[in-house]
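Peer 1: After the sequence you'll find the predicted model.
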Amino acid sequence: MTSHGSVYWNELTTSDLEAAKTFYAALFGWTFEEIETPAGPYTLARVAGQPRPVAGLIAWPQEESGADQWFVYVAVADIEAAVATVVAGGGSAAPVFEVPGVGLFATVVDPTGATCGMVQRMRGT
């Protein structure tokens, strides 16, 4: 299980999914698995011999997402307490939402404007 404060997940939003897959396959040896989610198609990146995927990739039209970018999710033990700490420290947070079978998520912005995600994993994930 990922511990509180460690990176849990990395996600790439990209305007050219196929080019990104080709690049990261050559760079890291990743293979890819397409899955369907309630929000639409999602690509999981895998490393040979590892049981869990290492990252996710989302095709996102350039005009909707701004620059292509990686987004990091940090594990927290209690997402409501973590959100409260963000707000008390001068940051802001979007509402917590659930990804069924995975956990509770929130996107937060620190006082300098930097953004990241937080995740409280469900037991067993």
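Peer 2: Received, thanks.

Peer 1: what are the phi and psi angles of the residue lying closest to Thr115 once chain neighbours are set aside?
Peer 2: Using CB to CB, 6 or more residues apart in numbering and skipping residues adjacent in sequence, the residue nearest Thr115 is Val109, 5.1 Å away. The way it works is simple: take the backbone N, C-alpha and C, and place the C-beta from them, glycine included. Backbone torsions for Val109, taken as degrees, to the nearest 10, come to phi -130, psi 130.

Peer 1: I'd guessed Val109 sits against Gly91; true?
Peer 2: Yes: Val109 lies in contact with Gly91 (CB atoms under 8 Å); the separation is 5.4 Å.

Peer 1: bridging residues for the closest residue to Arg121 other than its chain neighbours?
Peer 2: In space, and not counting its chain neighbours, Arg121 is closest to Gly103: 4.2 Å by CB to CB, 6+ apart. Gly103 has these beta-bridge partners by DSSP bridges: Val99, Arg121.

Peer 1: One more: Gly117?
Peer 2: Assigned bridge partners for Gly117, using DSSP bridges, are Tyr73, Thr107.

Peer 1: And it, how far from Gly103?
Peer 2: 11 Å (CB to CB, to the nearest Å).

Peer 1: Run the chain-centre distance for the lengthiest helix in the chain.
Peer 2: In terms of residue count, the longest helix belonging to the chain (DSSP state H) is helix 17-28. From the chain centre to the centre of helix 17-28 is a distance of 18 Å (CA atoms, centre = their mean, to the nearest Å).

Peer 1: Quick one: list the elements packing against it.
Peer 2: For helix 17-28, the elements it packs on are strand 31-37, strand 40-46, strand 55-59, judged by 3 or more CB pairs under 8 Å, 6 or more residues apart in numbering; DSSP states H and E.

Peer 1: for that helix, which positions count as buried?
Peer 2: 17, 20-21, 24 (16 or more other CB atoms under 10 Å).

Peer 1: Give the rounded mean pLDDT of it.
Peer 2: For helix 17-28, mean pLDDT rounds to 96.
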